[in-house]
Every structure is written in structure tokens, then in C-alpha cells.
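A.B. asks: build the 3D model from these lines:
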Amino acid sequence: MLFEENKKYWTNRTSGYSKVNEKELSSEQKEKWLAAITPHFPEERKNIKILDMGTGPGFFAIILAEAGFRVTAVDCTESMIEQAKLNAGDLKDEITWVLSNAEQTGLESETFDAVVSRNLTWNLKSPEKAYEEWLRILKKGGILLNYDANWYQYLYDDEKRIGYELDRKRVEDSCLEDHYTCTDIDAMEAIARKLPLSRRLRPQWDVDVLKKLSITKVETDLGIWKRVWSKEEKVNYGSTPMFSVLAVK
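C.D. replies: Coordinates of the predicted model:
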């Protein structure tokens, strides 16, 4: 089953992925991401309920809770939730942690003012269902902020493959850590080949899907990566720039 295969992969990645998040939390990445997210909300934050979907080791949940928002964090992997709690430190009890599936959360309808997510949608078996679910749990007027990229599209696109290989060369020449080859890349590529979004052109796909759902506005930002990525990320993923999708219910 694809879900279980995926879950096993990310369970095994928990420690390594957490190190990436810990590095972000202790660097300027934290402020860069807050600068990207918080302008979408009023200054009075204590009553704004945000759901961090696919929290992983907790980066978004932690920085948003620290900024004063009421945060719920969802992940399907127990080890990720436990690691996120450790990373949260004194903020652990300020965040509501939920072990659940992004495509069927079991959360109450129209509960949250915002849903945020990073590098999750591409990894879902049924991303259309996920978008429908996220909009269901949003309040009327609530916003969806999704940050993602065309991950593993190089498996299907020769031009993307060339770009991916050039990224690997630039990483080596820059003496940086390779964010692909330091993982179990064979396992992830095998999973990516089974996922629907590996071969879709995004964010156009996202816009088309969201326009069919109950939204009042949808817009994209193709340059978000320039503002939030570190130098190391820009070298590692230059051929696969991150985009953002904002939808208002």
C-alpha cells in the first residue's frame, strides 16, 4: 500500500529531516518564513487558529506558536510528531498535536482561520482530496497557504533531469551537503513514480483544482523561493524552485 510505504520512508527520515528543521530554527530561515507568512494575518494573533498540515519535525508549528498564533499540528507519522514535540521545547504544550492523514483529518469543519503546509502536497496519493479536506476545515474567509515545488519531475522530463544533474554538480563544486543523495534516494524515487503530482506541471495544476472548489480567490507566487530559501537550498534545488499557492475560502 502506497500510504504505508510512504509512511515507512518518512519514519526512517525523521532524524535526518529533524536536523534540517533544527538548522532552520537556529538561522535566519526562521525570520524569512515568518516574514512570508505573517503579513497575511492581523497583528492581533492570539485568537487566530492555524493548522500546520504535515508538520514533520515541527518547523512551521513552532515558529507560528512562538509568534503568538494558536497552532494545531498534523502529521501521519508518529515519530515525526514525537520529534516535533522535542523540537518545540517549552512550546510543546502550547501546540495541539494530531496524528492523522492529510487527506482525511477527522477534524471539525470550519474550525481554522488558516491552513499552512510545506513540501507535502507532492507526496500525497490523492492531493485533490487533500485540498478538499483542507478547505472543509477552514472557516469562511479563511486562507490556505501551500508551499511546494515540482519535486521529482525530473523522473519524467528530460530537461528537468539535466537541471537536476547540474544542481548535483553545483552542490559538489560548492562543497555543500547534497540534500538528495544524503537520503535514501532510490526509495524516494520509487515512491515518487507512484505519486500523481510527480508528472504534473504545478502550480497550474493546483490552481485548476482549487478553482473547482469553494474558494473566492486563488493566487500563486513563483518567486517565493528567492525570499525564503537559504543559499544551500538555492544551490541544491535551483532547477526546482518553490512556489506558493494562496486560496481564500
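A.B. asks: now stretch 139-157: average pLDDT?
C.D. replies: In this model, stretch 139-157 has a mean pLDDT of 97.
A.B. asks: quick one: that stretch to chain centroid distance?
C.D. replies: 8 Å (C-alpha atoms, centre = their mean, to the nearest Å).
A.B. asks: same question for stretch 44-61.
C.D. replies: Centre to centre, stretch against its chain (C-alpha atoms, centre = their mean), the figure for stretch 44-61 is 12 Å.
A.B. asks: buried residues, it. List them.
C.D. replies: 48-61 (16 or more other C-beta atoms under 10 Å). From N, CA and C alone the C-beta is placed, and that goes for glycine too.
A.B. asks: separation between the spatially most central residue of the chain and residue 157?
C.D. replies: For the chain, the residue nearest the mean C-alpha position is residue 118 (1.4 Å; C-alpha atoms, centre = their mean). Separation of residue 118 from residue 157 (C-beta to C-beta, to the nearest Å) stands at 23 Å.
A.B. asks: now swap in residue 182 and tell me
C.D. replies: According to C-beta to C-beta, residue 182 stands 23 Å off from residue 157.
A.B. asks: out of those two, which sits in the more crowded spot?
C.D. replies: The neighbour comparison of residue 182 against residue 157 (other C-beta atoms under 10 Å) goes to residue 157, with 15 against 10.
A.B. asks: please enumerate the strands of the protein.
C.D. replies: In the chain, the strands defined using DSSP state E lie at 49-53, 70-75, 95-99, 112-118, 138-148, 217-221, 243-248.
A.B. asks: so what strands line up beside the fifth one?
C.D. replies: In this case it means strand 138-148. strand 112-118 (parallel), strand 243-248 (antiparallel) (DSSP bridges).
A.B. asks: mind exporting the C-alpha coordinates of that strand to CSV?
C.D. replies: Provided in CSV are the C-alpha atoms of strand 138-148 (Å, rounded to 0.1, in the frame of the first residue of the first chain):
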residue,chain,number,x,y,z
LEU,A,138,-11.3,26.2,7.1
LYS,A,139,-13.7,28.9,8.3
LYS,A,140,-15.4,31.0,5.7
GLY,A,141,-12.9,33.7,4.7
GLY,A,142,-10.0,31.5,6.0
ILE,A,143,-6.8,31.2,4.0
LEU,A,144,-4.8,28.2,2.7
LEU,A,145,-1.1,28.8,2.2
ASN,A,146,0.7,25.9,0.5
TYR,A,147,4.4,26.0,-0.3
ASP,A,148,5.6,23.3,-2.6
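A.B. asks: on that earlier part again, is it possible to get TSV of the strands of the chain that adds distance to residue 88?
C.D. replies: Listed next are the strands of the chain as TSV, based on distance: least, C-beta to C-beta, whole Å:
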stretch	distance to residue 88
strand 49-53	11
strand 70-75	9
strand 95-99	6
strand 112-118	16
strand 138-148	20
strand 217-221	28
strand 243-248	24
